[in-house]
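# Just the structure for this:
(2 chains)
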Amino acid sequence: MNRIFILTPLITLLIICLFSLVYLLSGKDPSKPPSALLNKDVPIFESSSLYNAKDKIKTKDIKNKKTLINFFASWCSPCKIEHPLFFEIRKKHPELYLLGFNHKDPTSDAKKYLEDDGNPYHFVGVDSDGLIALEFGVFGLPETYLINEDGMIIYKYMGPITKHILENEIEPLL
Amino acid sequence: MSSLIGFLSLVFAIGINFYLILSRYIFKFQKQKFNFFIRFSSLLTLLSFFSLMYAYVVSDFSNYNVFQNSHSNKPLIYKISGTWGNHEGSMLLWLCILSVFSFFFSFTKNIDRNFQRLTLIIQSFLHILFGLFIVFTSNPFLVNSILVNEGLGLNPILQDPGLAVHPPILYAGYVGYSIVFSIAIAGLFQNTDGEWLYVAKKWSLISWTFLTGGIALGSYWAYYELGWGGWWFWDPVENISLMPWIAGLALVHSLMMVRGEQAIKKWIVFLSILCFSLSVFGTFLVRSGILTSVHSFAADASRGIFILLIFFIITGFGFLVFLLKEPKKSIALNLLFINKVSALVINNILMIIATLTILLGTIYPIIIEVLYNKRISVGGPYFNATVIPIMIPGFLLMSIAPILSWQTNKIQNSKKYVLGFIVLSILVLIQSYFLDFNTWGFVGLLLGFWIILASIIAIFSSYKVKFSIKFIQIINPHIAHIGVGIAIVGITCSSVFQNELDFNLIEGDKFKVNGKTVLFEKIETTNQINFQALRGKFLFDIEKNKLKEIEVGKNYYPVSKMITSEAGILHQWNKDIYFILGDQKNNEWFVKVLINPFVSFIWFGVIIMMYSGFIAVSRR
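You can find the predicted model right below:
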């Protein structure tokens, strides 16, 4: 009985250290909270194409296929950095649907940006007032979401994705 | 050059501590000059710290740490405080204070030589752990790889006189527990009965007093700098400092009461280990970046893992020794329904429950995030609902604890206390009836005043009043409790009876606060040395001749592109009138005015507690 009392601090210590270690090793960054939408259904959205206002995309259009959603803008310089990677993704995973949301951007600027740097997306939706980004809980550009066939958000990344993140975090989910 | 001296002396000091441990346990040298080496290593660590400070003072930007955290335009005081206004420097300060404690401990007289040495060996062990941590993960003496003639600046929110002294004082508290820890472990190893308790008492009082001061300074800073109107936010960083504080309080009380009872002695050892463990755990939580706050300078997983390892080694080692070596010789606990010992035991249990409750609330988000990948935050509502009710019976008990007897259930002059309590309850009830009745307000006020009253009754009825040092020492426990009572009154009034007023004003507007007319005189911007200031000027009570001017506004720091808010506070003895300047919209300024009654009582109470702490240290 007495020994159990004395052992309790050691056991508590072990538990605390274990959890803290897992936390540290999982590379969580407290300044970047996990999305509240993770493992939840994609928010309902509707957007029209950057190139043809009549061409619409809705939530149900991305059902039954894996989709990578990327929020970008011509004024966002980190977006420029990650941009070439999307060509790589498209080449390596032709089955993956790439959906770009152009965030709070004048149409002409967005078009010019995609002309200069190329357009890796299957569809570029316009989010001129930022409402779609709001629904997704976008914190700052760029942000990338991976949606599975059931329309559930299975991965989210804040900031420009890198080759390392692509290979180690996104591709294993594909 | 100063960086080189600093780094070499840091490494050399670690080397000496290695040598001390090796020479004792591997080579079995009987060292003649043990104390000399301990003091020498302390001085080297101090030298290391002062070379870093020198680099800050002369703005030596060839030091990477100085380049990152300083700017030549800063006033001298912030250049000095910049030394510990960053992760690396603050860890060096930590190590420096550790050595200073070892240094002074090596001068302690009237204790067994072997016991003293063993304690210092354990200190050396701690020195090595933290020293290696600094050298390998947080070296403040790295050389800047590029040539620059200007630095990046210190976080503006830290550019404040209160914050300049807050870290050293707080650290003196945290790190002071290292000595208590070492004493307890050495006591377990050597089984020197009783003697170490007196030594531990003195050092734990010193640490506790510093910790009190450090916490109070931090919270006073939060009060006037963050501009949120409150002074305690149950922020994880505050909780971290509160845990060793409460555990330390339990320790100090146990040390005063112990009369050779084995159970209490065991408990003291446990608390000694716990206090330092909680201090190191706090360092881990803040420095690993697991918690974000003004205190987490840069998140770095490798640092986090290193400190976690240190925490694990220290705490694991401490509790393992505790498990294997038990204090011997026993006197059974003399527990009665209500005597000093039972009051002590109850209070200790309450304090430890409170500590664990805070610990749970602080680490709960980590556990949840690991298990469910969800971010939750545990804040004020949890802590207010759990910690405060746990502490209340303890506060009640503490009002009479000093006059309880050791051997019997009798309380001297019990009639006076009962009468006092009844009269006081009626008075507080009448007061609450005329103000808005609030349960917490009623409980808090009654409790606070009761502690003050009971302590005063005790002083006048139990001792002959005379003005001598001895008398001051005898009534010291009561004085400390009066301090707590005053602080409780302040805490209750400022949180329960806080009043908030919002205004939209243009320059020249007059408005009423607390029945007094206030004039919003003007808005002006000025350029200071290292920031631009936007100030709203208010004249308080313009009907009277004695005008009181309040300045409130924001500072913009161009170097770090940050805006800080500067609350304008009109201090009166019975209330603070607290102005916050909001945003401007269509020429109108949003102004928030908070009336915080009796907030000064909190600081006054804390000062009394610290005074008592120092008096208790002087008492043998």
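
# now residue B:133, nearest residue through space, not along the chain?
Counting by Cβ to Cβ, 6 or more residues apart in numbering or on different chains, residue B:133 lies nearest to residue B:306, which is 5.4 Å off, once chain neighbours are set aside. From N, CA and C alone the C-beta is placed, and that goes for glycine too.

# what helices or strands is the strand or helix carrying the one you found leaning on?
If you go by DSSP states H and E, residue B:306 is part of helix B:301-324. Other helices and strands packing on helix B:301-324, by 3 or more Cβ pairs under 8 Å, 6 or more residues apart in numbering or on different chains; DSSP states H and E, are helix A:2-25, helix B:113-137, helix B:161-190, helix B:262-287.

# mind running it again at 6 Å?
Counting contacts by 3 or more Cβ pairs under 6 Å, 6 or more residues apart in numbering or on different chains; DSSP states H and E, helix B:301-324 is packed against helix A:2-25, helix B:113-137, helix B:262-287.

# Just put the ones you listed in JSON lines and tack on distance to residue A:129, mean pLDDT and mean neighbour count.
Shown next, in JSON lines, are the helices and strands packed on helix B:301-324 (distance: least, Cβ to Cβ, whole Å; pLDDT from 0 to 100; neighbours: other Cβ atoms under 10 Å in any protein chain shown):
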{"stretch": "helix A:2-25", "distance to residue A:129": "38", "mean pLDDT": "83", "mean neighbour count": "15"}
{"stretch": "helix B:113-137", "distance to residue A:129": "46", "mean pLDDT": "92", "mean neighbour count": "21"}
{"stretch": "helix B:262-287", "distance to residue A:129": "40", "mean pLDDT": "88", "mean neighbour count": "25"}
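
# could you dump the ones you listed to CSV with distance to residue B:55?
Below are the helices and strands packed on helix B:301-324 laid out as CSV (distance: least, Cβ to Cβ, whole Å):
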stretch, distance to residue B:55
helix A:2-25, 31
helix B:113-137, 15
helix B:262-287, 22
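
# Okay, helices next: where are they in chain A?
Applying DSSP state H to chain A gives helices spanning A:2-25, A:77-92, A:107-117, A:131-136, A:163-165.

# Of the ones you listed, give the one that comes closest to residue B:243.
helix A:2-25 (12.4 Å; Cβ to Cβ).

# Would you mind pulling the contact partners of the closest one?
Helix A:2-25 has contacts (Cβ atoms under 6 Å, 6 or more residues apart in numbering or on different chains) with B:301, B:304-305, B:308, B:312, B:315, B:319, B:323, B:366-367, B:370.

# hmm, which of these are the buried ones?
With neighbours counted using 16 or more other Cβ atoms under 10 Å in any protein chain shown, the contacts of helix A:2-25 contain these buried positions: B:301, B:304-305, B:308, B:312, B:315, B:319, B:366-367, B:370.

# Residue ranges in chain A under the pLDDT threshold?
A:1-3, A:27-38 (pLDDT under 70).

# again, 90 this time
A:1-12, A:19-67, A:72-99, A:102-120, A:122-174 (pLDDT under 90).

# now swap in the stretch 201-350 of chain B and tell me
Ranges of the stretch 201-350 of chain B meeting pLDDT under 90: B:218-240, B:255-269, B:282-307, B:320-347.

# Recalculate using a threshold of 80.
B:224-230, B:258-263, B:287-302, B:325-339 (pLDDT under 80).

# next one: the stretch 351-500 of chain B
Ranges of the stretch 351-500 of chain B meeting pLDDT under 80: B:373-377, B:379-380, B:400, B:402-403, B:405-414, B:432-433, B:435-437, B:462-465.

# and it, which residues reach chain A?
B:366-367, B:370, B:373, B:375 (Cβ under 6 Å from any Cβ of the partner chain).

# What secondary structure category should be reported for the closest residue to chain A within the stretch 351-500 of chain B?
Scanning the stretch 351-500 of chain B for the residue nearest chain A gives residue B:375, at 4.4 Å (criterion: Cβ to the nearest Cβ). Following DSSP: H, G, I helix; E, B strand; the rest coil, residue B:375 is assigned to coil.

# phi, psi of it?
Main-chain dihedrals, residue B:375, degrees, to the nearest 10: phi -100, psi 120.

# quick one on the thing from earlier: ok, residues contacting the helix holding residue B:306?
Taking Cβ under 6 Å, 6+ apart as the rule, helix B:301-324 contacts A:6, A:9-10, A:13, A:17, A:20, A:24, B:129, B:133, B:137, B:185, B:188, B:269, B:273, B:277, B:280-281, B:284, B:287-288.

# Following element in sequence after it, please.
Following helix B:301-324 in sequence, per DSSP H and E, is helix B:340-372.

# List the buried residues in the following helix or strand past that next one.
Downstream of helix B:340-372, the first helix or strand assigned by DSSP H and E is helix B:380-400. For helix B:380-400, the neighbour count (16+ other Cβ under 10 Å) marks B:382-383, B:386-387, B:390-391, B:394-395, B:397-400 as buried.

# returning to that earlier point: check the offset of the helix holding residue B:306 from the chain's centre.
22 Å (Cα atoms, centre = their mean, to the nearest Å).

# Show me what from chain B comes close to chain A.
So far as Cβ under 6 Å from any Cβ goes, chain B lies against chain A at B:292, B:301, B:304-305, B:308, B:312, B:315, B:319, B:323, B:366-367, B:370, B:373, B:375.

# These into TSV, with extra columns for distance to residue B:435?
Below are the residues of chain B next to chain A laid out as TSV (distance: Cβ to Cβ, whole Å):
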residue	distance to residue B:435
B:292	39
B:301	52
B:304	49
B:305	53
B:308	49
B:312	51
B:315	47
B:319	49
B:323	54
B:366	42
B:367	42
B:370	47
B:373	47
B:375	40
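
# Show me which of those residues is closest to residue B:595.
residue B:292 (31.6 Å).

# Can you tell me how far residue B:147 is from chain A?
28 Å (Cβ to the nearest Cβ, to the nearest Å).

# Give the burial count for the closest residue to that residue other than its chain neighbours, as a bare number.
Distances taken as Cβ to Cβ, 6+ apart place residue B:62 nearest to residue B:147, at 7.8 Å, with adjacent residues excluded. By other Cβ atoms under 10 Å in any protein chain shown, the residues close to residue B:62 number 16.

# Residue B:8 versus residue B:62, what's the distance?
Distance, residue B:62 to residue B:8, using Cβ to Cβ, to the nearest Å: 16 Å.

# Which parts of chain B belong to which domain?
B:1-154, B:396-498, B:499-600 (automatic domain parsing).

# Between all of the contacts of helix A:2-25, which two are at the greatest distance?
Going by Cβ to Cβ, the pair spanning the contacts of helix A:2-25 furthest: B:301 and B:323, at 31.2 Å.

# Any chance of the contacts of helix A:2-25 in a markdown table with distance to residue B:443 as columns?
What follows is the contacts of helix A:2-25, written out as a markdown table (distance: Cβ to Cβ, whole Å):
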| residue | distance to residue B:443 |
| --- | --- |
| B:301 | 45 |
| B:304 | 41 |
| B:305 | 45 |
| B:308 | 40 |
| B:312 | 41 |
| B:315 | 36 |
| B:319 | 37 |
| B:323 | 41 |
| B:366 | 33 |
| B:367 | 32 |
| B:370 | 38 |
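
# got the angle for the helix holding residue B:306 vs helix B:262-287?
Counting by axes from the mean of the first three to the mean of the last three Cα atoms, to 10 degrees, helix B:301-324 lies at 180 degrees to helix B:262-287.

# Now do helix B:301-324 and helix B:113-137, the angle between them.
Using the same axes, to 10 degrees: helix B:301-324 against helix B:113-137 is 160 degrees.
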